[in-house]
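>>> Provided below are the primary sequence and the corresponding predicted coordinates.
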Amino acid sequence: MSEIVIKKIFFWVLAILFFLTAPIVVLYTMGYRFSPERGIFIYSGSVTIKPTPREVNVFIDGKQVPKGIINFLNYSYHVDGLHPGEHSLKVEAPDYYSWFKKIRIHSGLSTEFWNIFLVRKKYTITTYPTGAVNNFFNSPDNKRVALVENGEENKKTTIKIFNIKKNEAEYVFSLDGYYFSDKEKENIEWSPREGLLTVPLIKSDDGKREYFVVILGTREIKNLNGLLGVDKISQVRWSPREKNTVFYIANHNLFKVKLNNPDKKILVANDNVYGYDLSNFNLYYFSGKTGMIYEKSIWGDGDSTQLTLTPIKVSAGDKFRVIAYDDKRVAIISQNGDLFLFNDGDKGNEINKLAQNVRGLHFSDDGKKMVFWNNNEIFVYFTRKWETQPIRKEGETIGIARFFRKIDNVEWFRDYEHIIFSVDGTIKMTELDSRSVRNMYDIVKLKNKKPKVIYIGEKDRLLFSDFAGDANDSTVKELKSLSLSEENKK
């Protein structure tokens, strides 16, 4: 056979192979994959995940995904070429609990998980030299903590201002004949500039509640009731705009006053005010007289603007709360725990009753979600539609967790796709995403069965109270903390 004939045969073999394989290559690059079960090419799908920590091992159907697929611009993983249908997805990292879901892949679409957070199996706990702690309240910049210690038989209260960075108590104040009650809904309130605090205390002899102002600069404590000349006040809050200025309710009227001029009180609202909340520029209050929610300038001047159109009947009392995100989203928790929400969204602007026996709630940072809870359940309500997978509709409520024992310390995690809470002394984290399963983890188990827990989002740190030493022989609670994220762990 001549050389020319051999070259022609070789050429046509290559040409035939080209025409046979070219469509396959084109189909592959377009996302098609051959299905041996069906004997045809099908349009594949993909999965995208963004985990914390960044360095993880990803497994799909038990097979590890190559490390080279990570996108270093946003540290996400994208795996394409997956056959439509059900697959298993697992994310692991050394010293972390694994994350797992059964996922469904669709032709031409990417199934996305943008907020995967792995919890460490063990965290390093920092104990602060605070001495005994009954309760604590962090400052607005999270650099200081106001610590409360009640004396024997609740006949004395000691307040310490602890500097976390310096690891020392900067100020110590004591009051005889008073104690701080954990049963009250009132908290120690830091002023925006942190030089002042309001402290609600109970008189040991008659159970009467009084407010005190702690002045750090001069190391003074003043009785606010005596300063104002009012026997009974409630819901004392610092103005976010005016220095040395507080709002308070007396005889169901809302007042504002500068503490350096207490005789000059400004009447903000006299509509039988049950409760109120403050934002940077406005205040929001509920009128028991009309059953409506109103908005007014934070300066206290001008007319009130009525937000709701339908009156509601609610029970008043010390536990009544107004929680406002803005003039479009205002929630009310009545004295007996009824939750009402005014939500001016795409579906209207009515106020509706959402739940009963509610103990608390928090709006997410963008206001699109609201977590609320009772003694045994946690729920999330979507005030706006959520277009990131998994997609949620405006007005949708999803159940997050349910326990036989009491739930406490419910907080949003920094991504607002996870919730931190405690049950029977165990601090837990759970995700909102319920596709196939909802991953829930134990962060730490404490000796204290009823701890106070605060999550500081900007530092990714948990502050909590726990017993010192052996829980069997210790009644002293100490302030402790741990860092949740690998990136912030030092």
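Good, I have the coordinates. All values reported here derive from a predicted model rather than from experimental measurement.
>>> could you count how many residues lie near Asn280?
As a burial measure, Asn280 scores 8 neighbours (other Cβ atoms under 10 Å). Quick note: C-beta positions are derived from backbone N, CA and C, even for glycine.
>>> and for the one 10 residues further on?
Other residues within reach of Thr290 by the criterion other Cβ under 10 Å amount to 14.
>>> pretty sure it is touching Pro311, no?
Yes. Using Cβ atoms under 8 Å, Thr290 makes contact with Pro311 at a distance of 6.1 Å.
>>> pLDDT score for the residue most central in space within the chain?
Centroid-nearest residue in the chain, with Cα atoms, centre = their mean: Trp412, separated by 1.4 Å. On pLDDT, Trp412 comes in at 97.
>>> residues in contact with it?
362, 364-365, 371, 418-420, 455, 457 (Cβ atoms under 8 Å, 6 or more residues apart in numbering).
>>> how does it look with 7 Å?
By Cβ atoms under 7 Å, 6 or more residues apart in numbering, the contact list for Trp412 reads 362, 364, 371, 419.
>>> secondary structure element for the first one?
Secondary-structure element containing His362, defined by DSSP states H and E: strand 360-363.
>>> may I have that strand as PDB, with CA atoms only?
What follows is strand 360-363, C-alpha atoms only, in PDB (Å, rounded to 0.1, in the frame of the first residue of the first chain):
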ATOM      1  CA  GLY A 360     -39.600  38.100  72.200                       C
ATOM      2  CA  LEU A 361     -38.600  39.000  68.700                       C
ATOM      3  CA  HIS A 362     -35.800  40.500  66.600                       C
ATOM      4  CA  PHE A 363     -35.900  41.900  63.100                       C
END
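>>> tell me which helix or strand comes right after it.
Per DSSP H and E, the first helix or strand lying C-terminal to strand 360-363 is strand 369-373.
>>> quick check: neighbours of that following strand in the sheet, parallel or antiparallel?
Partners of strand 369-373 in the sheet, by DSSP bridges, are strand 360-363 (antiparallel), strand 377-382 (antiparallel).
>>> export the ones you listed to CSV and tack on mean neighbour count and mean pLDDT?
As requested, the strands paired with strand 369-373 are exported to CSV (neighbours: other Cβ atoms under 10 Å; pLDDT from 0 to 100):
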stretch, mean neighbour count, mean pLDDT
strand 360-363, 20, 97
strand 377-382, 20, 98
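>>> quick one: closest of those strands to Met440.
Across these, Met440 has its closest neighbour in strand 377-382 (10.9 Å, Cβ to Cβ).
>>> and for the closest one, what's in contact with it?
In contact with strand 377-382 (Cβ under 7 Å, 6+ apart) are residues 354, 368-373, 392-402, 407, 410, 419, 421, 432.
>>> closest one to Phe212 among the strands paired with strand 369-373?
Each of these has some distance to Phe212 by Cβ to Cβ; the shortest is strand 360-363, at 24.8 Å.
>>> how about residues contacting that closest one?
Contacts for strand 360-363 (Cβ under 7 Å, 6+ apart): 323, 325, 329, 331, 333, 370-373, 410-412.
>>> got it, and stretch 237-246?
Residues outside stretch 237-246 that contact it (Cβ under 7 Å, 6+ apart): 189, 191-193, 196, 198, 236, 247, 256-260, 278, 280, 298.
>>> any idea which of those residues is least confident?
Lowest pLDDT among the contacts of stretch 237-246: Arg193, with 77.
>>> in three-state terms, label the residue lying closest to that one once chain neighbours are set aside for me.
Take Arg193 and drop its neighbours on the chain: the residue closest to it by Cβ to Cβ, 6 or more residues apart in numbering is Lys243, 6.4 Å away. Here Lys243 is coil, with the state taken from DSSP: H, G, I helix; E, B strand; the rest coil.
>>> which pLDDT does the model give Lys243?
We have a pLDDT of 90 for Lys243.
>>> and the gap between it and Leu283?
Taking Cβ to Cβ, to the nearest Å as the measure, Lys243 falls 17 Å from Leu283.
>>> with neighbour numbers in mind, choose between these two.
Leu283 (26 against 14).
>>> three-state assignment of the more buried one?
Classification of Leu283 by three-state DSSP places it in strand.
>>> any idea how far Pro262 is from it?
Applying Cβ to Cβ to Leu283 and Pro262 gives a distance of 20 Å.
>>> same question, Trp238
Here the criterion is Cβ to Cβ. By it, Trp238 lies 15 Å from Pro262.
>>> any idea which helix or strand carries the closest residue to Gly302 other than its chain neighbours?
Closest residue to Gly302 apart from its sequence neighbours, by Cβ to Cβ, 6+ apart: Lys296 at 6.8 Å. Using DSSP H and E, Lys296 maps to strand 292-297.
>>> please identify the buried residues of that strand?
Of all the residues in strand 292-297, those buried under the rule 16 or more other Cβ atoms under 10 Å are 292-296.
>>> how about those residues in TSV, adding distance to Gly425 and pLDDT?
TSV is the format used below for these (distance: Cβ to Cβ, whole Å; pLDDT from 0 to 100):
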residue	distance to Gly425	pLDDT
Met292	42	96
Ile293	38	97
Tyr294	42	97
Glu295	41	97
Lys296	43	96
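>>> the closest residue in space to Leu82 that isn't next to it in sequence bridge partners, please.
In space, and not counting its chain neighbours, Leu82 is closest to Ile105: 4.7 Å by Cβ to Cβ, 6+ apart. Applying DSSP bridges to Ile105 yields these beta-bridge partners: Gly85.
>>> and Ile105, how close does it get to Val437?
Counting by Cβ to Cβ - Ile105 and Val437 are separated by 17 Å.
>>> who has more neighbours out of the two?
The neighbour comparison of Ile105 against Val437 (other Cβ under 10 Å) goes to Ile105, with 20 against 12.
>>> please verify my assumption that that one contacts Ser88.
No. The criterion here is Cβ atoms under 7 Å, and Ile105 misses it with Ser88 at 11.2 Å.
>>> so where do the helices sit in this structure?
Under the criterion DSSP state H, helices of the chain are mapped to 3-29, 224-228.
>>> output the last one as PDB, restricted to C-alpha atoms.
What follows is the C-alpha trace of helix 224-228 in PDB, where atoms were taken according to Å, rounded to 0.1, in the frame of the first residue of the first chain:
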ATOM      1  CA  LEU A 224     -34.200  59.100  88.500                       C
ATOM      2  CA  ASN A 225     -37.700  58.900  90.100                       C
ATOM      3  CA  GLY A 226     -36.600  61.500  92.700                       C
ATOM      4  CA  LEU A 227     -34.900  63.600  90.100                       C
ATOM      5  CA  LEU A 228     -38.100  63.800  88.000                       C
END
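>>> show me how far it is from its chain's centre.
On the basis of Cα atoms, centre = their mean, to the nearest Å, helix 224-228 is displaced by 35 Å from the centre of the chain it belongs to.
>>> which pLDDT does the model give the residue lying closest to Glu55 once chain neighbours are set aside?
In space, and not counting its chain neighbours, Glu55 is closest to Ala93: 6.6 Å by Cβ to Cβ, 6+ apart. We have a pLDDT of 95 for Ala93.
>>> equivalent analysis for Gly317, please.
80.
>>> cool, Glu394 as well?
Listed pLDDT for Glu394 reads 95.
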